[in-house]
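**Student:** Please find the sequence and the predicted model below.
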Amino acid sequence: MKKRSSFFLFIALLGLAIGLGQWFMYQQIFPSLQTNLALAIFLLLPLTFVLPNTAEKHLSPAWTSRLAFIGGYWFIFSYYSVFLLGLCLLLFLANQLLPGTMLWQEYSAPLVLGASIFLLLAIAWGSWNASHPVYRKLCLHTDKPLAGDLRIAFASDLHLGPMLGRNYSKKLAQRINALQPDLVIFGGDLIDGNLEIVLQEGSSRGLQSIEARLTVLISNVSAPVISAIISATICVLPFSILPTA
């Protein structure tokens, strides 16, 4: 628990420094950001990622989910903005080291604007991909003495949480049921980071409607986490657990 708190304290302090750099960078081409309010927003946004992971017991489920949703997008935006911030820093240093040049004045605005558009499009594309899972159908032949055809549905990396919640798991269950599987296998990364948010929001509750004779979870998380998920959300299914770590 102490390591977890220290990690998110580090994230908060790092986010504060990154937020200051982001504000300085983006306000160069967006004059509307040249205000104290905009600066405060950039400095406070890291808390939307930290608080749901450290103070979830003191927040309502609705606020925990909202902050986690905003914090998730902040984390992605900040992660890629760091690379852009590095390029801007190199451009600024080059401008200082080469007297008489106007590198920063000429190229900073086009660089930040172009990268910002690309970043927003990439985040939008990633969000669409996350909410539209890829389905593939494979037919395998075996020499094993089976009584008949065996239909298996395998789903992995669901990352259930504030971004992919109950509606997502409900639609996934409907898609799985349409396949009429005999066996359903879930791979690792069933939840996205915070178990408390998943349990509060009931993110995996939609999986209760899965119709199969057996469901198997191949897990890369600890046994208490698995037990909490199963007992709280999908205990209605015949379940087996195959830990991998």
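**Tutor:** Great, that's in hand. The shown structure was predicted, so the numbers you read here are calculated from the model rather than taken from an experiment.
**Student:** Please tell me how far Asn129 sits from Leu51.
**Tutor:** As judged by CB to CB, to the nearest Å, Asn129 and Leu51 stand 27 Å apart. (Each C-beta comes from the backbone N, C-alpha and C, glycine too.)
**Student:** Low-confidence regions, the chain specifically.
**Tutor:** 1-3, 162, 193-194, 215-245 (pLDDT under 70).
**Student:** Which secondary structure elements does the helix or strand containing Glu106 sit against?
**Tutor:** Here Glu106, judged by DSSP states H and E, is contained in helix 103-131. Under the contact criterion of 3 or more CB pairs under 8 Å, 6 or more residues apart in numbering; DSSP states H and E, helix 103-131 touches helix 2-26, helix 61-97.
**Student:** Contacts only, for the residue most central in space within the chain.
**Tutor:** Taking CA atoms, centre = their mean as the criterion, Gly72 is the residue nearest the geometric centre of the chain, at 5.7 Å. If you count contacts by CB atoms under 8 Å, 6 or more residues apart in numbering, Gly72 has them with 49, 161-163, 192.
**Student:** just Glu56 next, same as before
**Tutor:** Here Glu56 is in contact with 64, 194, 196-197, 200 (CB under 8 Å, 6+ apart).
**Student:** Kindly recompute the last result at 6 Å.
**Tutor:** 64, 196 (CB atoms under 6 Å, 6 or more residues apart in numbering).
**Student:** Over to Pro52?
**Tutor:** Here Pro52 is in contact with 64, 67-68 (CB under 6 Å, 6+ apart).
**Student:** Show me which of Asn129 and Leu51 is the more surrounded one.
**Tutor:** Leu51 (19 against 10; other CB atoms under 10 Å).
**Student:** Now do the more buried one against Ile197, distance only.
**Tutor:** 12 Å.
**Student:** again with Gln22
**Tutor:** 26 Å.
**Student:** Which of those two has more residues huddled nearby?
**Tutor:** Per other CB under 10 Å, whichever of Gln22 and Ile197 has more neighbours is Ile197, with 25 against 21.
**Student:** Hmm, Phe69 and the more buried one touching each other?
**Tutor:** No - Ile197 is beyond contact range of Phe69, at 9.6 Å (criterion: CB atoms under 6 Å).
**Student:** Can you give the distance of stretch 201-214 from its chain's centre?
**Tutor:** Distance of stretch 201-214 from the chain centroid (CA atoms, centre = their mean, to the nearest Å) equals 21 Å.
**Student:** now the end-to-end length of it.
**Tutor:** 25 Å (CA to CA, to the nearest Å).
**Student:** Give the buried residues for that stretch.
**Tutor:** Using 16 or more other CB atoms under 10 Å as the test for burial, stretch 201-214 gives 201-207, 209-210, 212.
**Student:** ok so, going back, the helices and strands packed on helix 103-131 into TSV, with extra columns for distance to Arg136?
**Tutor:** As requested, the helices and strands packed on helix 103-131 are exported to TSV (distance: least, CB to CB, whole Å):
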stretch	distance to Arg136
helix 2-26	36
helix 61-97	26
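**Student:** Nearest to Val184, out of those?
**Tutor:** For the helices and strands packed on helix 103-131, proximity to Val184 was assessed by CB to CB; helix 61-97 is nearest, at 26.5 Å.
**Student:** Could you list the buried residues of the closest one?
**Tutor:** 64-65, 67-72, 74, 77-78, 81, 84-85, 88, 91, 95.
**Student:** again, but for stretch 111-119
**Tutor:** So, applying 16+ other CB under 10 Å, buried residues of stretch 111-119: 111-112, 115-116, 119.
**Student:** Tell me which residues are up against that stretch.
**Tutor:** 25, 29, 80, 84.
**Student:** What are the structural domain limits within the chain?
**Tutor:** For the chain, automatic domain parsing gives the domain ranges 2-131, 152-243.
**Student:** Reformat the ones you listed as JSON lines; add distance to Asp143.
**Tutor:** Formatted as JSON lines, the domains of the chain follow (distance: least, CB to CB, whole Å):
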{"stretch": "domain 2-131", "distance to Asp143": "38"}
{"stretch": "domain 152-243", "distance to Asp143": "17"}
